[in-house]
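Undergrad: using only what follows, build the 3D model:
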Amino acid sequence: MTRLSVNVNKIATLRNARGGNNPNVVQVAIDCELFGAQGITVHPRPDERHITYQDVLDLNDVVSTEFNIEGYPDTRYMELVSKVKPKQATLVPDPPDVLTSNAGWDTAKHASQLKEIIAELQQQGIRTSIFVDTKLANIEGAKNVGTDRIELYTEPFAANFSINKEAAIQPFILAAERAKDLGLGINAGHDLDLNNLKYLVTQIPYIAEVSIGHALIADAIYYGLENTIQMYLHQLA
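TA: Model prediction:
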């Protein structure tokens, strides 16, 4: 079964809109795990517009499943991850000013940088994953830089799902098959929701983990957090 990691960034966004500590990010993470989530994901950005660095430290004290910290591997990110030592560090290529992650690594262009960073993280016992698109050259490059896993950037799949789901999934099947052949673990994330998630994991059943935030939190407004998490887990069963 593919594991569900809940990204709690949007909870922090709501809290930060008014200041204070409502909703409480730490309590929401605890509740997500209680309701069945098998991991908690955060993506702290330098401007702390949602998850703050203090949030990461506080969450590290309570997360009992798998803690996954996403981010661009600048000095501050590396210092934070080295301090916290989460189960997984997911490296994304986006600069600090972008709204959300919107591309995968060019694993040839950034090979030297990625090799050094991945080796440093693995020496600390942290599993590494890097954000990639479906270009087979980037999948093969991911193997060459030594990462444990890739995270398939699924926005193109989600965007085209309602138009032609068979065509939308095909590049991801090919990319996942290549990654599997190379011995890479496979995660997936970005714009996955209750409409497209089941089809993704049915077509690629060996995806280890999906990280879902925006859609899940939006659904929770209507269905409630506990019920929503159960609905997502049902799609993964």
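Undergrad: what's the separation between the closest residue to Leu197 other than its chain neighbours and Ile212?
TA: Excluding its sequence neighbours, the residue lying closest to Leu197 (C-beta to C-beta, 6 or more residues apart in numbering) is Gln235, at 4.4 Å. For glycine as for every other residue, the C-beta is placed from the backbone atoms N, C-alpha and C. For Gln235, the distance to Ile212 (C-beta to C-beta, to the nearest Å) stands at 10 Å.
Undergrad: between those two, what contacts are shared?
TA: Taking C-beta atoms under 8 Å, 6 or more residues apart in numbering as the contact rule, the neighbours common to Gln235 and Ile212 are Leu197.
Undergrad: these two: which is more packed in?
TA: Each of Gln235 and Ile212 has its neighbours counted (other C-beta atoms under 10 Å); Ile212 has more, 25 against 21.
Undergrad: so which elements touch the host helix or strand of the residue nearest to Leu197?
TA: Using DSSP states H and E, the element containing Gln235 is helix 225-236. When contacts are defined as 3 or more C-beta pairs under 8 Å, 6 or more residues apart in numbering; DSSP states H and E, helix 225-236 sits against strand 3-7, helix 25-34, helix 197-203, helix 214-223.
Undergrad: ok, 6 Å please
TA: helix 197-203, helix 214-223 (3 or more C-beta pairs under 6 Å, 6 or more residues apart in numbering; DSSP states H and E).
Undergrad: may I see the ones you listed organised as JSON lines, with distance to Thr134, mean neighbour count and mean pLDDT added?
TA: JSON lines is the format used below for the helices and strands packed on helix 225-236 (distance: least, C-beta to C-beta, whole Å; neighbours: other C-beta atoms under 10 Å; pLDDT from 0 to 100):
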{"stretch": "helix 197-203", "distance to Thr134": "13", "mean neighbour count": "18", "mean pLDDT": "98"}
{"stretch": "helix 214-223", "distance to Thr134": "21", "mean neighbour count": "17", "mean pLDDT": "98"}
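Undergrad: can you report phi and psi for the residue at minimal distance from the centre of the chain?
TA: What sits nearest the mean C-alpha location of the chain, by C-alpha atoms, centre = their mean, is Ser211, with 4.1 Å. When read as degrees, to the nearest 10, the backbone of Ser211 gives phi -110, psi 120.
Undergrad: shouldn't it be in contact with Gly189?
TA: Yes. Counting by C-beta atoms under 6 Å, Gly189 is a contact partner of Ser211 at 3.9 Å.
Undergrad: count of neighbours near Asp31?
TA: 15.
Undergrad: wait, Asn7
TA: 24.
Undergrad: show me where the chain has strands.
TA: Using DSSP state E, the strands found in the chain span residues 3-7, 39-42, 67-71, 88-91, 127-132, 149-153, 185-189, 209-212.
Undergrad: name every strand pairing with the third one and say which way it goes.
TA: By that I understand strand 67-71. If you go by DSSP bridges, strand 67-71 pairs up with strand 39-42 (parallel), strand 88-91 (parallel).
Undergrad: mind listing residues that contact the first one?
TA: This means strand 39-42. The contact list for strand 39-42, computed with C-beta atoms under 6 Å, 6 or more residues apart in numbering, reads 5, 7, 29, 51, 63, 65-69, 211.
Undergrad: cool, and stretch 208-217?
TA: Stretch 208-217 has contacts (C-beta under 6 Å, 6+ apart) with 2-3, 5, 7, 9-10, 41, 185-189, 192-193, 228.
Undergrad: swap in stretch 183-191?
TA: Here stretch 183-191 makes contact (C-beta under 6 Å, 6+ apart) with 129, 143, 148-155, 158, 176, 179, 207-211.
Undergrad: how about it as CSV, C-alpha atoms only?
TA: Only the C-alpha atoms of stretch 183-191 are listed here, as CSV (Å, rounded to 0.1, in the frame of the first residue of the first chain):
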residue,chain,number,x,y,z
GLY,A,183,16.6,0.5,-7.9
LEU,A,184,15.2,3.9,-6.9
GLY,A,185,12.3,4.2,-4.5
ILE,A,186,9.4,6.3,-5.9
ASN,A,187,7.3,9.0,-4.2
ALA,A,188,4.8,11.3,-5.9
GLY,A,189,3.3,14.6,-5.2
HIS,A,190,1.7,17.9,-6.4
ASP,A,191,-2.0,18.4,-7.2
